[in-house]
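A.B. asks: Okay, sequence plus prediction incoming.
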Amino acid sequence: MAKPEMKSEADAFRAAFHERMHANNMYGLWELASQMTAHPQPKMIPHMWPWSVTESIIAESAQAVPVGDERRALQLFNPGLGGRWATTNNLIAAVQILLPGEVARAHRHTPTAIRFIIEGTGAYTAVDGERVYMAPGDLILTPSWSWHDHGNETQERVVWMDGLDIPLIASMEAMFFQFYSAQQVPATRPANASKQLHGHAHISPTWVKEKSMASPLLLYSWEQTSQALAALRDHEGSPFDGVLLEYRHPQTGGPVLPTMACMVQLLRPGERTKAHRHTGSAVYYVVNGTGATIIDGQQFKWSKGDIVALPPWALHEHANSSANSDAVLFSIQDLPVLNALGLYYEEALTENGGHQNVTSTFKAD
Ligand code: GTQ
Ligand code: FE2
């Protein structure tokens, strides 16, 4: 009977020790070792926001809430992130609507933003005194700390997807926000001036000496994007992504923004890519077509307007399910952050001919 008593004495001693350690704001590494995981185990989960749902809620928001001081933007919350303001661990995607005659009040913030235009032609985002005019498929940048307001002087509603690095900036405790003193920033530059100055492929103004981390080109028009996709459609492309193109900073050739890369990819009729995984998260917006993305065995069947969140280190492959129409995906990715920190890792699935087995199919609730 001596042994169990000895053991419980040791247990009591150990328990008291842990209590005292925790009371002094200390934890033993032996209590935490399970957090040093062998590979990334993201809390975010793969998820899809189907356009039919998003569209009906964004349309209703225009009736239910005024544009007010804040923007009328639906923030897509990842169900795995416990109510955090985040679509992926580092990125937020949102869908914003602006009705005819409305203005979203001028402000600036340290999070960097992009807009990908879904619907409506002729509204604008004014960035540091330059009105950047929108058409469907256009990409518009709002670099960190640039003043911006949105205006719609057309007769139709305009809808776009916002992409921002809010979760990243919040985790670094580097959030700053200010409203501008007036509703809108006075126009100090001609409309679309950045495109006029910097929007010429492979040929650039030599007298512009200023070089910032964010691209000086604020508008990447769908016209140019679709031309590039069409010109490259007969190339093999990437085995994992089809004809995947990255929007570039015209002066550095690097990503358009220091924390966010923007990409567009063409999946040709019937094309099915191989699976790989990499560090860094992404949010996809389906520009057109029908197909599916398999993420860690879960199939997400998508069509135009759907938005899909991809976690870091999740196996993924894409397929265009149509035999005669193209599919195009736009995406925002936190890849530049991983690259800057030397944390980009990538791995192809080698088993099973590079394809995953589908173990479940996503259904929106
Ligand atoms: O339109 O400026 O979805 O500041 C989140 C924060 C949009 C915007 C968002 C923003 C904006
Ligand atoms: Fe903003």
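C.D. replies: Sure thing, it's come through. Ligands and ions are numbered 1, 2, ... in the order given.
A.B. asks: can you list the residues of the stretch 101-250 of the chain near ligand 1?
C.D. replies: 104, 109, 113, 148, 162, 164 (C-beta under 6 Å from any ligand atom). Quick note: C-beta positions are derived from backbone N, CA and C, even for glycine.
A.B. asks: Just put the residues you listed in TSV and tack on neighbour count, secondary structure and distance to D334.
C.D. replies: Compiled in TSV, these are given as follows (neighbours: other C-beta atoms under 10 Å; DSSP: H, G, I helix; E, B strand; the rest coil; distance: C-beta to C-beta, whole Å):
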residue	neighbour count	secondary structure	distance to D334
A104	22	strand	25
H109	18	strand	17
A113	23	strand	14
H148	27	strand	21
D162	21	strand	15
L164	26	strand	11
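A.B. asks: and of those residues, the nearest to ligand 1?
C.D. replies: Comparing these against ligand 1 with C-beta to the nearest ligand atom places D162 closest, at 3.6 Å.
A.B. asks: where's the closest one relative to T350, distance?
C.D. replies: D162 is 37 Å from T350, where distance means C-beta to C-beta, to the nearest Å.
A.B. asks: which residues touch D128?
C.D. replies: Residues counted as contacts of D128 (C-beta atoms under 8 Å, 6 or more residues apart in numbering) are 146-148, 185, 188-189.
A.B. asks: Which of the residues you listed ranks first by neighbour count?
C.D. replies: Greatest neighbour count in the contacts of D128, by other C-beta atoms under 10 Å, goes to H148: 27 neighbours.
A.B. asks: returning to that earlier point: I'd like the contacts of D128 as JSON lines, with distance to A59 appended.
C.D. replies: Shown next, in JSON lines, are those (distance: C-beta to C-beta, whole Å):
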{"residue": "S146", "distance to A59": "29"}
{"residue": "W147", "distance to A59": "29"}
{"residue": "H148", "distance to A59": "24"}
{"residue": "V185", "distance to A59": "29"}
{"residue": "T188", "distance to A59": "35"}
{"residue": "R189", "distance to A59": "33"}
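A.B. asks: Make CSV out of those residues and add pLDDT, distance to H200 and secondary structure.
C.D. replies: Below are those laid out as CSV (pLDDT from 0 to 100; distance: C-beta to C-beta, whole Å; DSSP: H, G, I helix; E, B strand; the rest coil):
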residue, pLDDT, distance to H200, secondary structure
S146, 98, 22, coil
W147, 98, 26, coil
H148, 98, 24, strand
V185, 96, 26, coil
T188, 97, 23, coil
R189, 97, 17, coil
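A.B. asks: from these, which is closest to ligand 1?
C.D. replies: H148 (5.7 Å).
A.B. asks: Is it correct that that closest one is in contact with G129?
C.D. replies: No. At 10.0 Å, H148 does not count as touching G129 under the criterion of C-beta atoms under 8 Å.
A.B. asks: shared neighbours, these two?
C.D. replies: V185.
A.B. asks: Report the secondary structure element holding S215.
C.D. replies: For S215, there is no helix or strand it lies in under DSSP states H and E.
A.B. asks: Quick one: neighbours of it, just the number.
C.D. replies: Neighbour count of S215, defined by other C-beta under 10 Å: 23.
A.B. asks: need the contact list for it.
C.D. replies: S215 is in contact with 141, 143, 198, 247-251, 256-257, counting by C-beta under 8 Å, 6+ apart.
A.B. asks: I'd like the next helix or strand past the helix or strand P167 falls within.
C.D. replies: In the assignment (DSSP H and E), P167 maps to helix 166-171. Later in the chain than helix 166-171, the nearest helix or strand by DSSP H and E is strand 177-179.
A.B. asks: L338 touches Y344, doesn't it?
C.D. replies: Yes. Using C-beta under 8 Å, L338 is in contact with Y344, at 4.4 Å.
A.B. asks: In the protein, where's the longest helix?
C.D. replies: Longest helix in the chain, counting residues (DSSP state H): helix 2-23.
A.B. asks: and that one, C-alpha only, in CSV?
C.D. replies: Backbone C-alpha positions of helix 2-23 (Å, rounded to 0.1, in the frame of the first residue of the first chain) are rendered in CSV as follows:
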residue,chain,number,x,y,z
ALA,A,2,3.0,2.3,0.2
LYS,A,3,3.4,2.7,-3.6
PRO,A,4,0.0,4.3,-4.5
GLU,A,5,0.5,6.7,-1.6
MET,A,6,3.9,7.7,-2.9
LYS,A,7,2.5,8.2,-6.4
SER,A,8,-0.4,10.4,-5.2
GLU,A,9,2.1,12.4,-3.2
ALA,A,10,4.2,12.9,-6.3
ASP,A,11,1.0,13.8,-8.3
ALA,A,12,0.0,16.3,-5.7
PHE,A,13,3.4,17.9,-5.8
ARG,A,14,3.3,18.0,-9.5
ALA,A,15,-0.2,19.5,-9.6
ALA,A,16,0.8,22.2,-7.0
PHE,A,17,3.8,23.0,-9.1
HIS,A,18,1.8,23.5,-12.3
GLU,A,19,-0.7,25.7,-10.4
ARG,A,20,2.1,27.9,-9.0
MET,A,21,3.7,28.1,-12.5
HIS,A,22,0.5,29.1,-14.2
ALA,A,23,-0.3,31.6,-11.4
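A.B. asks: can I get the CA coordinates of the helix or strand just after it in PDB?
C.D. replies: Proceeding N to C from helix 2-23, the next assigned helix or strand is helix 29-32, under DSSP H and E. Coordinates of each C-alpha in helix 29-32 appear next as PDB, following Å, rounded to 0.1, in the frame of the first residue of the first chain:
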ATOM      1  CA  LEU A  29       7.000  23.600 -23.000                       C
ATOM      2  CA  TRP A  30       5.800  20.000 -22.200                       C
ATOM      3  CA  GLU A  31       2.300  21.500 -21.900                       C
ATOM      4  CA  LEU A  32       2.500  23.100 -25.300                       C
END
